[in-house]
Every structure is written in C-alpha cells, then in structure tokens.
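A.B. asks: Please work out how this folds:
(one chain, ligands or ions: 1)
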Amino acid sequence: MSNRRNFIKLSALGGVALLTQNACSSEQTSTNEESNIEPIIPTSNKPIVVSTWNHGLDANKAAWEILSKGGSALDAVEAGVRVTESDPENMSVGLGGLPDRDGNVTLDACIMDHNSKCGAVAFLQYIENPISVARKVMEDTPHVMLAGEGALAFALDKGFEKKNLLTDKAKEAWEEWLKSSDYKPVINSENHDTIGMLAIDESGKIAGACTTSGMAYKIHGRVGDSPIIGAGLFVDSEVGSACATGVGEAVIRTAGSAMVVELMRQGKTPQEACIEVVNRIIKKHDSIENLQVGFIALDKYGNYGCHSVYAGFNIALRDNETENLVDATYENEWE
Ligand code: ASP
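C.D. replies: Next up is the predicted model:
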C-alpha cells in the first residue's frame, strides 16, 4: 500500500484519546432474564454519539439533547441525522441534496436498533426526512425496505409532507454539470457527504442511522449503500455498530458495515476492523482513483475507530467529556 499512513491527526478543537481501548473492554455482555433479545450492555463510555463528517457536529448536538437526558439511542440517531437532512446548505443529504443526472433528488436512508430491528427507504423522492420514514417502515410494517413510488406513497399515507427538495443552489450546480455531463464520483468535495450516526444511550442500548442523497448526478434509479442494512449501516448489540460513507458500490461489494462488526466480534478493535475492511475494498478494485470510502465503528463498550481510503474523512464525537471533530486515519493522500 503506497503512502500508507496509520497515524492519528487530531483536530484543532482539542485532543481525544482516539483508538485506545477502554479499560472496560474485558467486561462481558450479560443477558436480560425477561427478554433474551435485549442484552444488558456493560458500557462505561456512555452515552456517546459518533457521526460522519463535520456536519456531524450539529447533528450530534441534537442527538446529545436526547442522550444527555437519558433518552434512547434510537430517538437520538433519528433526531440527529434529521438536522442534516433538513439543512438546505448541505448538498449531499436530504433537502438541498445534489440531484441525479436528470435533476431528481432521490434519497436513501436506514435505521437500526439494539434488537436488530431495522427499516429503510431507497430511491425516495419529495420527502425531507427519509430517516423518519425508514423508522416508520421499521415500526409500522413487517418489512425492512420500501423503495421509490411505494416508499413515497407510504410516507404520504403516514402524514409526511411532499415537497420540492431541489434547491436553487443544487439546481444551478446540476445545470453546470450538464454542460459536460461527466460523471465522476467526487467525495470530500465540500467535506460533507452521507451522514451516518452511531450512538449508545445511558442504558447501554446501541442504535445507528444513515441517510444521503447519494452520489451526485447518478443514473436515475441508482441506490447506494446507505439504505442497505449491512452495507451502509449495521448494528449488533452483542458487538457494536458501524457505518460507511463514500462510494456506495464499493461498500455494497464488501458488505462493509456488517464486515466491520463481524471483525470486531472476532476480537479486532473498532479501529483495526475499519482498517481491515478499507484494505479489502482497496484489494478488490483494479483502480482506486476517486474511490473514497470511510468507516466508523463503535463497539458496545464505547470504543470507536475510523479509517478511510483517502485523507480528508473525519468524524464528530460527543460524549460526557468531549465534543470534537477527529480526523480519520487513512491509506492514501489524494494525488
Ligand atoms: N455512500 C453514499 C452513496 O454511495 C455516498 C456518500 O457517502 O457520499 O450513495
């Protein structure tokens, strides 16, 4: 691996002991007598929330409002990523997201809880907060994923408002792109891509959420990794959770987030697990030109890690002691 760099760069916001295992990591998971699908998780670093990119700082604030008052991780991750979805300035998630090549804003999102219950929407149009539709899919249907017109009909039936998500700014960018119509994934362009968020609440329960408008100027109908459980997001309360950002096709090919969690189950730290899956992705591609992918992992004890193919990925962290932006370690500098 050329230019391999496994060092840690901490943001100007302050230091944090990234990538070190907490002392509690030898504790064992015990099982709740009343319900063996709800393990009691002995976490010392809780509550905690981690999310992708610098837009995660604002999203974490909303999540922390809930977590710091003893609220659930599931409510926290939903409320957190809704902030990013509703931000018209953010051009990669929800309202204001860059459209597909035909000018349609199409959204992908999923959510997963500590009981491995999950819900997702793919290729959803006209709904500002797809994460909340995903939660309704999880809670109000026997299904995991709804897509396209069916997802929209379901959302409208549930009372979500139909609105135009293509802002003037995104429309102008798309019209500019149309002049060359050169499709090239560009990640890190404004340093705010998909938001993925992982949290552990006061009671030790884990949840995650992931939401995006996907790759800018994609083919109409393209669905990325973000709404796919196991690719863009995975939670298993016996182990921990992981989420992904970057070129979704590469994440899907490697079952990225599920793989990170599985590697943690086998004893890797969150950081080691992220590094291994990033390297699997690199190995499986003839060229990694523009192939940015980053993972965040959070184990059940509140230890976290993050790693990406290229420099520039960062994560927002919030716990009882820190509110920080942390640069991920990475394999390559951009050329
Ligand atoms: N993973 C997203 C997708 O492929 C894009 C991103 O993270 O920016 O749709």
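
A.B. asks: Just the buried positions in stretch 142-158, please.
C.D. replies: When burial is assessed from 16 or more other C-beta atoms under 10 Å, stretch 142-158 yields the following buried residues: V144, M145, L146, A147, A151, L152, F154, A155. All C-beta atoms are positioned from the backbone trio N, CA, C, and that covers glycine.

A.B. asks: From the ligand, how far out is the second one?
C.D. replies: Computed as C-beta to the nearest ligand atom, to the nearest Å, the M145 to the ligand distance reads 15 Å.

A.B. asks: residues touching that residue, list them.
C.D. replies: Neighbouring residues of M145 by C-beta atoms under 8 Å, 6 or more residues apart in numbering: C110, G119, A120, V121, A122, V137, P227, I229.

A.B. asks: Now I281: phi and psi?
C.D. replies: phi -60, psi -40 (degrees, to the nearest 10).

A.B. asks: is it true that V137 touches A120?
C.D. replies: Yes: counting by C-beta atoms under 8 Å, V137 does reach A120; the two are 6.5 Å apart.

A.B. asks: more neighbours, the two?
C.D. replies: Taking other C-beta atoms under 10 Å, V137 and A120 do not tie; A120 has more neighbours (31 against 25).

A.B. asks: Quick check: the more buried one is in a helix.
C.D. replies: No: A120: not assigned to a helix; according to DSSP: H, G, I helix; E, B strand; the rest coil it is strand.

A.B. asks: beta partners of the closest residue to it other than its chain neighbours?
C.D. replies: Ranked by C-beta to C-beta, 6 or more residues apart in numbering and with sequence neighbours excluded, the top spatial neighbour of A120 is C110, at 3.6 Å. Under DSSP bridges, the beta-bridge partners of C110 are A120, C210.

A.B. asks: measure the residue most central in space within the chain to S181 for me?
C.D. replies: Among the residues of the chain, the one closest to the centroid is G196, at 1.7 Å (C-alpha atoms, centre = their mean). Using C-beta to C-beta, to the nearest Å, one gets 29 Å for the distance from G196 to S181.

A.B. asks: about what we covered before: run a quick neighbour tally on the residue nearest to A120.
C.D. replies: C110 has 33 neighbours, counted by other C-beta under 10 Å.

A.B. asks: mind listing which of the buried residues of stretch 142-158 are in strands?
C.D. replies: M145, L146, A147 (DSSP state E).

A.B. asks: Let's have those residues in a markdown table, adding pLDDT.
C.D. replies: Listed next are those as a markdown table, based on pLDDT from 0 to 100:
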| residue | pLDDT |
| --- | --- |
| M145 | 98 |
| L146 | 98 |
| A147 | 98 |
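
A.B. asks: would you list every one of the helices in the chain?
C.D. replies: 56-67, 73-85, 130-140, 148-157, 168-178, 248-253, 256-265, 270-283 (DSSP state H).

A.B. asks: from the ones you listed, which stretch is densest packed?
C.D. replies: Counting by mean count of other C-beta atoms under 10 Å, helix 73-85 has the highest mean neighbour count of these, with a mean of 27.

A.B. asks: elements contacting that helix?
C.D. replies: Applying 3 or more C-beta pairs under 8 Å, 6 or more residues apart in numbering; DSSP states H and E, we find helix 73-85 packed against strand 48-52, helix 56-67, strand 107-112, helix 130-140, strand 195-200, strand 206-212.

A.B. asks: CA atoms only for the last one, dumped as CSV, please.
C.D. replies: I take that to be strand 206-212. C-alpha atoms of strand 206-212 as CSV (Å, rounded to 0.1, in the frame of the first residue of the first chain):
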residue,chain,number,x,y,z
ILE,A,206,-27.0,0.9,20.6
ALA,A,207,-28.6,2.3,17.5
GLY,A,208,-27.5,3.7,14.2
ALA,A,209,-28.8,5.8,11.3
CYS,A,210,-27.6,6.6,7.8
THR,A,211,-29.0,9.0,5.3
THR,A,212,-27.9,10.5,2.0
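
A.B. asks: That one close to the ligand?
C.D. replies: Yes: Strand 206-212 is in contact with the ligand by C-beta under 6 Å from any ligand atom, via T212.

A.B. asks: again, but for the fourth one
C.D. replies: No: between helix 130-140 and the ligand, judged by C-beta under 6 Å from any ligand atom, nothing touches; the nearest distance is 12.4 Å.

A.B. asks: Sweet, I'm off.
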